[in-house]
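Student: Give me a model of this one.
(chains A, B, C and D)
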Number of protein chains: 2
Amino acid sequence: MALSGLFLEIFRANGRLVAAGDKLVSPLGLTSARWQVLGAVAMSSAPQPVAHLAGDMGLARQGVQRIVNELADQGLLAFEDNPRHRRAKLVQLTADGKAIMAAAAKVQRPWVDDLAADLDAGKIAIAAEVLKALWNRLDEEPGVDGTLEQD
Amino acid sequence: MALSGLFLEIFRANGRLVAAGDKLVSPLGLTSARWQVLGAVAMSSAPQPVAHLAGDMGLARQGVQRIVNELADQGLLAFEDNPRHRRAKLVQLTADGKAIMAAAAKVQRPWVDDLAADLDAGKIAIAAEVLKALWNRLDEEPGVDGTLEQD
DNA sequence: TTCATATTGACAATATATTACCAATAAGAC
DNA sequence: GTCTTATTGGTAATATATTGTCAATATGAA
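Tutor: Sure thing, here's the model as predicted:
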């Protein structure tokens, strides 16, 4: 089954990407996970509560919460009052957070460009399309009772 | 940059696959990680020491060691003396281990077939090819000093 | 309003992974 | 033979992520 083979490649690629990301941004005092959280905040058009960020990333709410709290302690993220929900504060990049993301982008760009040079752009697009279709199907996957579970 | 987008899809797909695998084999008392270790043992043509299995999986030796030890305590794996190395025992599936892998395959097959039905087989192959090329490049990636690090 | 439901954050327990370091073993250079 | 190096397993500390549970808050139905 070709699809099972793809699964193994996804596991392997994921591990290497996390390791490579850790190495890339460790001089900035970041890790892959923290960088990804900062990226999710940066990419969102408007400030989001933690639960929404976790949903975007496809991760459990609680894990993202832990990292967001630590990044806030570190001064890279800040909580803003949410007029629509008293508890669900909106997460924003601070000036320091924006600066560190700019620094990360600066080391990331040549690294990604170098990687991309060896790969076929059309095939990259197809791979991204397949993976997105795959995880979208997995998100819809019903439980044994036919319901979709949350949290 | 299209490649950066692919990275995000890999992270998302990885998380969903682990979650789906956990759900699939939890009735058997397995997790995704243990299932993958058992799979690595099953797929190897000859019994391997733990360090080789970890290399095949692209994971740190120590993490695989922990799971192998637990699976051995559970009676699913067994260590066999290695004539070429006194410490590096060879890991093998026990009868129980083979039975549980057969049971896992039985629930996995229809699940994978169902997923594959919605995806283009040719594109799956391309995606696997791209991911393999990607992590191969990441494995070669030199450190800042130009050397390849191990362990 | 009142009630049920969903969302959100907080906290704890656990599984999964990493890195770092050490000891035992093996292989090869000399 | 000796010495150096690489491989391998063991152990510990830590980061990452999951699930489970609870309380606070918001939403919508009755």
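Student: quick one: stretch A:43-54 near DNA strand C?
Tutor: Yes: Stretch A:43-54 reaches DNA strand C (Cβ under 7 Å from any atom of the strand) through A:49-52. Where you see a C-beta, it was placed from the backbone N, CA and C, and this is true even at glycine.
Student: ok, and the most crowded of those residues?
Tutor: Ranked by neighbour count (other Cβ atoms under 10 Å in any protein chain shown), the residues of stretch A:43-54 next to DNA strand C have A:V50 at the top, with 23 neighbours.
Student: give me every residue that touches it.
Tutor: For A:V50, the contact set (Cβ atoms under 8 Å, 6 or more residues apart in numbering or on different chains) comprises A:61, A:64-65, A:68, A:88, A:91.
Student: do the same with A:R12
Tutor: Neighbours of A:R12 in contact, by Cβ under 8 Å, 6+ apart: B:57-58, B:131-132, B:135.
Student: Ranking by neighbours, what's the top pick from these?
Tutor: B:L131 (27 neighbours).
Student: From DNA strand D, how far out is that residue?
Tutor: Taking Cβ to the nearest atom of the strand, to the nearest Å as the measure, B:L131 falls 18 Å from DNA strand D.
Student: ok, and the closest non-adjacent residue to that residue?
Tutor: By the measure of Cβ to Cβ, 6 or more residues apart in numbering or on different chains, the closest residue to B:L131 outside its immediate chain neighbours is A:E9, 3.9 Å from it.
Student: longest strand anywhere in chain A?
Tutor: Longest strand in chain A by number of residues, with DSSP state E as the criterion: strand A:85-93.
Student: Quick one: work out the angle between the next helix or strand after that one and strand A:85-93.
Tutor: Using DSSP states H and E, the helix or strand that follows strand A:85-93 towards the C-terminus is helix A:95-117. Per axes from the mean of the first three to the mean of the last three Cα atoms, to 10 degrees, the angle that helix A:95-117 makes with strand A:85-93 is 60 degrees.
Student: same for whichever helix or strand comes after helix A:95-117, what does it pack against?
Tutor: Note on helix A:95-117: by DSSP H and E, the next helix or strand toward the C-terminus is helix A:121-140. Under the contact criterion of 3 or more Cβ pairs under 8 Å, 6 or more residues apart in numbering or on different chains; DSSP states H and E, helix A:121-140 touches helix A:2-25, helix B:2-25, helix B:95-117, helix B:121-140.
Student: close to DNA strand C, is helix A:121-140?
Tutor: No: against DNA strand C, helix A:121-140 shows no contacts by Cβ under 7 Å from any atom of the strand, the least distance being 13.9 Å.
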